[in-house]
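Participant: A predicted structure for the sequence below; I have some questions about it.
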Amino acid sequence: MFALIGKKAGDPRSRSHVAYLGAEDRRVLPRPLRRMVRFGVSLATGRIHIPGHTGTFATFGFLSAVGLYGMSLGGHAQDVAQATTAAVGFAIEDVRVSGNGETSEIDILQLLGLDGTTSLVALDVDAARRKLSGLPWVQYAEVRKVYPRTIEVMLKEREAFGVWQHGSELSLIERNGSIIAPLRDSKFASLPLFVGRDAETAAASFVDQMAAWPDIRSRIRAYVRVAGRRWDVHLDNGVVLKLPEANIGNALAVMARLEKEQGILERDIAAVDLRLEDRTTVELTTGASERRKDALEARTKALKKAGEQS
């Protein structure tokens with residue numbers, strides 16, 4: 001109510017003054033609140049029709065949201081999804097593995113945790129790929145879902161190049177020198193043996209150099225790295241070829257000539273020293289050395305006796 005003094009009821013100035021005072025004192029709600037008020041009024045007066053069972057559905061929705069939120073906080077959402085989707089027909093029943101020559105299918109199943117109740121929907125393909133890539137022989141792994149109950153595992157395995165002996169340990173290595181796994185059986189006995197420090201990293205380049213000498217290479221049983229600088233090669237008959245640090249090709253050419261002209265590798269020798277370019281040294285076996293010594297002594301005595309008689 002507004003109090004008007006000294007003005008007539010019909011005076012226009014009075015009406016304008018009333019309107020002015022009303023506009024000043026009136027409070028206007030923000031637009032979002034006005035919508036809420038109008039909705040509340042309409043709901044109270046029955047102008048808005050609410051379908052039956054809305055409250056029941058809303059209650060269930062609220063409880064479901066609270067449950068999901070609780071499972072998320074507790075870290076059980078994945079387990080619930082796993083159990084639910086497996087129960088409705090998405091449990092993994094078939095695993096197709098390809099490309100595995102050295103990797104056991106049992107190891108794959110155990111690593112992925114596939115026990116017959118694992119859900120295909122809930123399976124994390126990226127995590128499965130990372131796990132498989134951590135297996136010793138696996139270079140690359142691919143995992144694919146095939147709905148409704150199958151996964152395909154495709155592997156690319158590493159290739160064994162040789163056996164590296166470091167101390168008392170034997171390990172399978174790749175061509176680049178990377179260790180694949182410890183040597184556990186005689187399955188890879190035919191692979192070349194590399195011995196010594198840095199032998200695993202220098203192996204491939206040296207074997208490539210030996211490719212030009214197939215007759216010698218076919219007889220090598222072990223490549224021994226000496227002081228991380230040069231190689232000794234052990235042949236199938238026990239003879240050791242001591243190669244230089246540089247100009248290996250020249251040394252092998254000398255060795256090939258000696259073998260062709262004199263059949264030196266078939267003699268009773270222990271080693272051929274090819275480290276010096278201007279000369280080649282042959283080391284006899286213990287038995288051959290003793291026989292040579294005896295022969296020299298006998299020859300000396302014979303010459304001495306012949307001189308005395310003359």
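Facilitator: That came through fine. Residues are numbered from 1 along each chain as shown.
Participant: quick one, strands of the stretch 51-200 of the chain?
Facilitator: Under the criterion DSSP state E, counting those that start in this stretch, strands of the stretch 51-200 of the chain are mapped to 94-98, 138-146, 150-157, 162-166, 169-173, 179-182, 193-195.
Participant: Give me the nearest residue to Tyr140, chain neighbours excluded.
Facilitator: Spatial nearest neighbour of Tyr140, chain neighbours left out: Lys156 (4.3 Å); criterion: CB to CB, 6 or more residues apart in numbering. Quick note: C-beta positions are derived from backbone N, CA and C, even for glycine.
Participant: low pLDDT regions in the stretch 101-250 of the chain?
Facilitator: Along the stretch 101-250 of the chain, the model assigns pLDDT under 70 to residues 116.
Participant: Doesn't Arg257 lie inside a helix?
Facilitator: Yes. Under DSSP: H, G, I helix; E, B strand; the rest coil, Arg257 sits within a helix.
Participant: Output stretch 235-254 as PDB, nothing but the C-alphas.
Facilitator: Coordinates of the C-alpha atoms in stretch 235-254 are reproduced here as PDB (Å, rounded to 0.1, in the frame of the first residue of the first chain):
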ATOM      1  CA  LEU A 235      87.200 -75.100 -35.900                       C
ATOM      2  CA  ASP A 236      85.500 -78.400 -35.700                       C
ATOM      3  CA  ASN A 237      88.900 -80.300 -35.400                       C
ATOM      4  CA  GLY A 238      90.000 -78.200 -32.500                       C
ATOM      5  CA  VAL A 239      92.300 -75.900 -34.500                       C
ATOM      6  CA  VAL A 240      92.200 -72.200 -33.400                       C
ATOM      7  CA  LEU A 241      92.700 -69.400 -36.000                       C
ATOM      8  CA  LYS A 242      93.900 -66.200 -34.400                       C
ATOM      9  CA  LEU A 243      92.700 -63.400 -36.500                       C
ATOM     10  CA  PRO A 244      94.000 -59.800 -36.500                       C
ATOM     11  CA  GLU A 245      92.000 -56.800 -35.300                       C
ATOM     12  CA  ALA A 246      92.000 -55.300 -38.900                       C
ATOM     13  CA  ASN A 247      92.400 -56.600 -42.400                       C
ATOM     14  CA  ILE A 248      90.600 -59.900 -41.600                       C
ATOM     15  CA  GLY A 249      90.100 -60.600 -45.200                       C
ATOM     16  CA  ASN A 250      93.800 -60.600 -46.000                       C
ATOM     17  CA  ALA A 251      94.400 -63.000 -43.100                       C
ATOM     18  CA  LEU A 252      91.700 -65.400 -44.200                       C
ATOM     19  CA  ALA A 253      93.100 -65.300 -47.800                       C
ATOM     20  CA  VAL A 254      96.500 -66.400 -46.400                       C
END
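Participant: neighbouring contacts of it?
Facilitator: 206, 209-210, 212-213, 216, 219-221, 229-234, 255, 265-266, 269-277, 280 (CB atoms under 8 Å, 6 or more residues apart in numbering).
Participant: circling back to that earlier point, include mean neighbour count and distance to Asp107 when you put the strands of the stretch 51-200 of the chain into a markdown table, please.
Facilitator: What follows is these, written out as a markdown table (neighbours: other CB atoms under 10 Å; distance: least, CB to CB, whole Å):
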| stretch | mean neighbour count | distance to Asp107 |
| --- | --- | --- |
| strand 94-98 | 13 | 10 |
| strand 138-146 | 17 | 10 |
| strand 150-157 | 18 | 11 |
| strand 162-166 | 20 | 22 |
| strand 169-173 | 18 | 17 |
| strand 179-182 | 14 | 12 |
| strand 193-195 | 22 | 27 |
